[in-house]
Structures are given as structure tokens and as C-alpha cells.
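predicted model and sequence below, questions to follow.
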Amino acid sequence: MLLPNEFMQPMQLQTPRLILRQWQDSDTTPFIQMCADDEVMRYFPKKLDTSEATAFLQRIRSDIEKRGWGLFAVELKATGEFIGFIGLHVHPAEFELADAPEIGWRLLPKYWQQGYATEGAKAVLKYAFRNLRLDKVISFTACLNTPSERVMQRIGMQKLREFDHPRVPSDHPLNKHVLYEIRRSDYLHIPFC
């Protein structure tokens, strides 16, 4: 069962270098650019045009307003720059594979390979298990997306299996996905938590 934030106020999480927060209007333009970026979207079936990205952003903001948590905007503490998003996403009930909230991240390329995804994802897992008291969190990505898979491993997730994504055509190079999960009982035994 998903538990809402007690006071239904959007959460803000902080790490040594990052602030994970509700979205601001100033995030819209870089978010749209990120969703149209060839590098960022190479492990997704398609890039998003402006209207698709805007609609996606509105759903993300609405989820945080309703639950108090979701896919948080991420900014650098040192500069206040928007660098992408990290957080939890709840899939529609008909997507049977996603039987728990999914942890995910998407960052602008200039912020890759600096440990930001791992740092932010650790904070999200801590919140998911210690505050929301979720039983488990999942993550999945295209098998070709080894950078994201490495983040899953660094935050203590375990690979369950590979699968054909039901929403990606079977002949598409991104059809094969990998599924990871971490259970609360396992998370509590990880040294960094």
C-alpha cells in the first residue's frame, strides 16, 4: 500500500550536493530540452516534443502535489541549477510488471558521471523505506542502458530478470529490459543506509 505524506506537503530531500524538490516554472524549459536531447533519450523509444514533455511535466507535478512525493526536480546546491529529476514513479495498474513504485532518474548530459544519480537515488530510497515505509522499490531500463543499470547496482538493488517490455515493439532494439528491486528488509542491512 502506498502511503501519502502525512501532511500532503511536497517533500524536499537534501544530500551533500543536491536538493530534490517540487518543480518550479523555471525548470520547464530545461526539462523540455532534456526530453528532446538525443543523448538523454537514446534509451527510450522516442524523444518527446514540446507538448508531450509539457504534459509529462504536468503529470509529475500533479503526482507530487497529490502524494507529497514523486519524480523530484533536482538542483545543485552550489549553483541552484536544474540538472534533471530523481524520484519515485507509480505506474498504472494495468502495467503488471510494476507491482511497486519505480525509482528513476534522468539528468542533463553535462551532469553525468559525477555521482549525482547515485547520490540522489540513495536519498530517495532512504525516504521510501524510512518515511513511506514501502515494502519494496523496483527499477527497470533497457538492457542497453548500462549506465543506469550500474546506478541500480550502486544503490543496492538486485537484478531479478530480463524481460520484453510490453509497451515497446518486439523488434525494437530497446525491447529487452532488465528488472531490479530492493526490499525494505534488505535495504536496512546496507551500510550506507
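On my side now, so go ahead. Since the structure is predicted, the reported quantities are computational estimates derived from the model, not experimental observations.

output the lowest mean pLDDT helix or strand found in the chain.
Counting by mean pLDDT, DSSP states H and E, the chain has its least confident helix or strand at helix 184-187, which shows a mean of 92.

what comes into contact with that helix?
Helix 184-187 is touched from outside by 125, 129, 133-136, 156, 158, 193, with contacts defined as CB atoms under 8 Å, 6 or more residues apart in numbering. To be clear about C-beta, it is placed using only N, CA and C from the backbone, and glycine gets the same treatment.

pLDDT check: weakest of those residues?
Ranked by pLDDT, the contacts of helix 184-187 bottom out at residue 193, which scores 55.

and the host helix or strand of residue 117, how far out from the chain middle?
Of the helices and strands defined by DSSP states H and E, residue 117 is found in helix 116-126. From the chain centre to the centre of helix 116-126 is a distance of 9 Å (CA atoms, centre = their mean, to the nearest Å).

which secondary structure elements does it sit against?
Applying 3 or more CB pairs under 8 Å, 6 or more residues apart in numbering; DSSP states H and E, one finds that helix 116-126 makes contact with strand 13-14, strand 18-21, strand 71-76, strand 82-89, strand 102-107, helix 146-154.

after the longest one comes which helix or strand?
If I follow you right, that is helix 146-154. Counting by DSSP H and E, what follows helix 146-154 is strand 158-164.

packing partners for that following strand?
strand 176-183.

in stretch 42-58, which residues are buried?
By 16 or more other CB atoms under 10 Å, the buried positions in stretch 42-58 come out as 43, 48, 53, 57.

for the closest residue to the third one other than its chain neighbours, give me its contacts.
I take that to be residue 53. Leaving aside its sequence neighbours, residue 53 sits nearest to residue 35 (CB to CB, 6 or more residues apart in numbering; 3.9 Å). By CB under 8 Å, 6+ apart, residue 35 lies in contact with 41, 47-48, 52-53, 56.
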